[in-house]
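> Sequence and predicted structure are below.
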Amino acid sequence: MLPVLLAVLFAVVVAGLVYVDHLQLQSAARDGARAGSLVSGSACSTALTRVNGLSGGSTTCQETAACPGPESAVTLQLPRQVSIPLLGDRTVNLSASAVFECLS
């Protein structure tokens, strides 16, 4: 019974850490789209600067729409390695996207 309880406890803690990383990734995508709506071409550089401290693999950024145009859109992807005792290693693919209207 104790090993099952410990596995569930570790799984809950790891799920919380992955969720925090997803929130930070979403915030970085929003910041990148906001920066891209003000200065053309700065969306991905701003977003990648914001996610610099996240654990996991390498973050990829794709600017799907840019100013001048109707909107600035950014998509970020981060493969994150998760290790849970007694359950093994897994890779969780986190992604976030954001869109801002161009101000120019």
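Received, thanks. Only a predicted model underlies this, so the values are computations on that prediction, with no experimental measurement involved.
> okay, CA-based contacts and neighbour counts for the rest of this
Will do.
> Spatially central residue for the protein, please.
Leu25 (2.6 Å; C-alpha atoms, centre = their mean).
> Can you list phi and psi of that residue for me?
Torsion angles at Leu25 (phi, psi; degrees, to the nearest 10) stand at phi -70, psi -40.
> which residues does it contact?
If you count contacts by C-alpha atoms under 8 Å, 6 or more residues apart in numbering, Leu25 has them with 51, 76, 95-96.
> before we move on, what about Thr46?
28, 31-32, 35.
> try 6 Å
The contact partners of Thr46, by C-alpha atoms under 6 Å, 6 or more residues apart in numbering, come to Gly32.
> any idea how far it lies from Leu86?
39 Å (C-alpha to C-alpha, to the nearest Å).
> Likewise for Cys67?
Distance from Cys67 to Leu86, by C-alpha to C-alpha: 49 Å.
> What helix or strand is the nearest residue to Leu86 once chain neighbours are set aside located in?
Among residues not flanking Leu86 along the chain, Ala7 sits closest, at 6.3 Å (C-alpha to C-alpha, 6 or more residues apart in numbering). Using DSSP states H and E, Ala7 sits in helix 2-38.
> Run the chain-centre distance for that helix.
8 Å (C-alpha atoms, centre = their mean, to the nearest Å).
> buried residues in it?
8, 10-11, 18, 21-22, 24-38 (16 or more other C-alpha atoms under 10 Å).
> I'd say Ser42 and Ala33 touch.
No - Ser42 is beyond contact range of Ala33, at 8.6 Å (criterion: C-alpha atoms under 6 Å).
> Buried residues in stretch 69-86, which are they?
Applying 16+ other C-alpha under 10 Å to stretch 69-86 flags 71-80, 82, 84 as buried.
> next one: stretch 87-104
94-102.
> Quick one: distance of it to the chain centre.
4 Å.
> Show me where the protein dips below the pLDDT cut-off.
54-57, 104 (pLDDT under 70).
> what separates Val14 from Asp31, distance-wise?
Taken as C-alpha to C-alpha, the span from Val14 to Asp31 is 26 Å.
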